[in-house]
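Undergrad: no FASTA, just this:
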């Protein structure tokens, strides 16, 4: 028994080590730069902690204060509304932009595709400064245009909704092109035959966009929605720069102070590292919850996607296109096989 | 526990470095720098905010001693945040600027800075500076952790051409005759607004800050006693600033819009500490001769001024001290004033003809040397507490809410008090 068991055990022992070694660098790096800061932040959040002064253990007091702090809930609300104001139009624009870039007849394709990514590689600081000037009350270009068309000047920096719109514009400007490229990659894997058969059925460009393109890239839309959620909850630089001198509070009545900005104000401007850490953990939990909700929703949508029938509202009209296209696809495959 | 141990190790390292620096032979005497006693070929890192007016002097010192300076300029608040985290982590610059509004926050951390008494600063230099300015760089145990740079002082800059256009007197005597109190000042502003339809002031928040800066007490009576809600000076500043709502352009100070409005002449009066003269010249270079400077209603006041500090963990503390004594010497401060407008903190200059007789062409030949030295001599030293900045920020936001029409002055006062309480209670 023993003679037979020994070599087997040895091999058993040897095999697990090597793969773990291969993947170890990731876990070491993740542990150092991901897990440790997370745990250490949790540790600090239990203290009244001034970076060069006293450190006092106060248990969960920071969290109790946080839950009762109206500034926290205000920041959470602002974060969600800025996220909504920026993400929804941004993904819609990105889809349209990608569809345009995907047109076979478009000239200078590579040039355009590179161009849409330029905003994303621009420094957020530069974007903030330029947009703050554009949205200036007295000398801003946006107000000049509004006035030209007979509208009233808007005080972007001091009005709640206007300020949030202006900040959302900055976020959109930076990220629309990035999402468009992701969509473009997804669109290029859509079989051309689908469009051809849609055309035979008499569907115009817009019809094709809604009935072929969007259903085909749905998983990608879900992916970008999740990524944008995580990014949107961490919005920081845009409102900070937009608010100018009062940037850290997000305007005179904290009307566009995001959670990340509130964390910065408490942690670094007021040098209250304990409370700042508590906010950081709250933000982390909110992101986890929203991502899980998002995943749940999207797996539902994804499974809907797997069903043969598309969304209910346009089923009857879309039916034939889909069916034919499948037939078309099959025939192409056959042809290819024959060749 | 670990953190405390880390802090102890950090302190020990810092203390050792500090001791080593203190023991070095040339530690005591720093004036005779050029005779090769000091190391050359070194690089000094300096962290500042805004324009100290001392950058050129630092370069000149470096050229003379065969060293180099690397100056990193940041925004005002972020600069102090970075310095604090740097002190905690030990990766510090050789020289760092600390503004007076932040001094009290840094005072308890005096042990993190080189005690300049080790170099004889108290014996050699203290007498050169204004007492109350010197005190702002002294820690709880008497450590001298900072040397004073400039003093703000306060005065009023105004546009002569715009005053004329509004039918107001435009020469300095005439303008000073317009008001004997701040109430009069607001009334003149209303006349100006009625005559031109344009705002008189840039920002009511700055107005608040000016009047607040004129008091004998600010938000603290002493370290443990807060008087922000009962100090009559604060109350007066609040009432004046909120009553100026309609004559203010409601522009955030130092914002791009503010800069443009300054250059365009979209408001007529600028509350101006001495260093602001340089700022105005930089932002509105085409308005030479269209400005003038007069004294403030209701006495002198101060806004600004900093301490130059040497963190304990600095690599070249000895060299840094030599540079500081050079650039902060009375002669050099006079030069800086003449060139950049930053007012000296060394009183022996206040009677010096080169300073008192100094006039500015940009400001219609105003005797700015005399005006600012009067202002600085008239002001009283004021205690600034650890949360000074945070409280001031809430007041500024409250006035902003009144200016933007969001709240009435009474509502804004209540919301400001609530916000400050929240600010002070967060642990």
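TA: In hand now; what should we look at? Quick caveat, the model's predicted, so the values are computed rather than measured.

Undergrad: now the residue in the stretch 151-300 of chain A positioned nearest to chain B: closest residue in space, sequence neighbours ignored.
TA: Taking Cβ to the nearest Cβ as the measure, the stretch 151-300 of chain A has residue A:252 as its residue closest to chain B, at 3.5 Å. Placement of C-beta: from N, CA and C, glycine included. Computed as Cβ to Cβ, 6 or more residues apart in numbering or on different chains, the closest residue to residue A:252 that is not its neighbour in sequence is residue B:400, at 3.5 Å.

Undergrad: for the helix or strand the one you found falls within, name the packing helices and strands.
TA: For residue B:400, the host element (DSSP states H and E) is helix B:388-403. For helix B:388-403, the packing partners by 3 or more Cβ pairs under 8 Å, 6 or more residues apart in numbering or on different chains; DSSP states H and E come out as helix B:100-106, helix B:204-212, helix B:232-243, helix B:409-425.

Undergrad: now residue A:147: closest residue in space, sequence neighbours ignored.
TA: Nearest to residue A:147 is residue A:153, by Cβ to Cβ, 6+ apart, at 6.1 Å.

Undergrad: and the one you found, helix, strand or coil?
TA: coil (DSSP: H, G, I helix; E, B strand; the rest coil).

Undergrad: show me what contacts it?
TA: A:137, A:138, A:143, A:146, A:147 (Cβ atoms under 8 Å, 6 or more residues apart in numbering or on different chains).

Undergrad: and the first one, how far from residue A:126?
TA: When you say that, I think you mean residue A:137. Distance from residue A:137 to residue A:126, counting by Cβ to Cβ, to the nearest Å: 21 Å.

Undergrad: residues from the stretch 51-200 of chain A in reach of chain B?
TA: With Cβ under 8 Å from any Cβ of the partner chain as the criterion, the stretch 51-200 of chain A meets chain B at residues A:51-53, A:55, A:58, A:61-62, A:65, A:69-71, A:129, A:132-133, A:136-139, A:155, A:157-159.

Undergrad: just those: which are in strands?
TA: Under the assignment DSSP state E, these contribute residue A:55 to strands.

Undergrad: who's in contact with the residue in chain B positioned nearest to chain A?
TA: For chain B, the residue closest to chain A is residue B:400, as judged by Cβ to the nearest Cβ, at 3.5 Å. Going by Cβ under 8 Å, 6+ apart, residue B:400 touches A:158, A:246, A:252, B:205, B:250, B:252.

Undergrad: before we move on, what about residue A:53?
TA: B:108, B:109.

Undergrad: with residue B:319 instead?
TA: B:38, B:39, B:42, B:44, B:65, B:67, B:94.

Undergrad: ok, and the closest non-adjacent residue to the residue nearest to the spatial centre of chain B?
TA: The centroid of chain B falls nearest to residue B:304 when counting by Cα atoms, centre = their mean (1.6 Å). Nearest non-adjacent residue to residue B:304, counting by Cβ to Cβ, 6+ apart: residue B:152, 3.5 Å away.

Undergrad: residue ranges of the helices in the stretch 201-339 of chain A, please?
TA: For the stretch 201-339 of chain A, the helices defined by DSSP state H, counting those that start in this stretch occupy A:205-208, A:214-216, A:218-232, A:237-242, A:259-264, A:273-306, A:315-338.

Undergrad: isn't residue B:307 right up against residue B:95?
TA: No - with contact defined as Cβ atoms under 8 Å, residue B:307 does not count as touching residue B:95 (10.6 Å).

Undergrad: what about residue A:18, neighbour count?
TA: 8 (other Cβ atoms under 10 Å in any protein chain shown).

Undergrad: give me the element it is part of.
TA: Assigned by DSSP H and E, residue A:18 belongs to helix A:2-30.

Undergrad: which residues pair with residue B:44 across the strands?
TA: Beta-bridge partners of residue B:44, counted by DSSP bridges, are residue B:69.

Undergrad: against residue A:57, how distant is it?
TA: Here the criterion is Cβ to Cβ. By it, residue B:44 lies 40 Å from residue A:57.

Undergrad: how about the contacts of residue A:153 in JSON lines, adding pLDDT and neighbour count?
TA: Listed next are these as JSON lines, based on pLDDT from 0 to 100; neighbours: other Cβ atoms under 10 Å in any protein chain shown:
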{"residue": "A:137", "pLDDT": "88", "neighbour count": "20"}
{"residue": "A:138", "pLDDT": "87", "neighbour count": "17"}
{"residue": "A:143", "pLDDT": "94", "neighbour count": "20"}
{"residue": "A:146", "pLDDT": "94", "neighbour count": "14"}
{"residue": "A:147", "pLDDT": "93", "neighbour count": "12"}
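
Undergrad: residue A:240: which of the residues you listed is nearest?
TA: Distance to residue A:240, by Cβ to Cβ, is smallest for residue A:137 among the contacts of residue A:153, at 18.7 Å.
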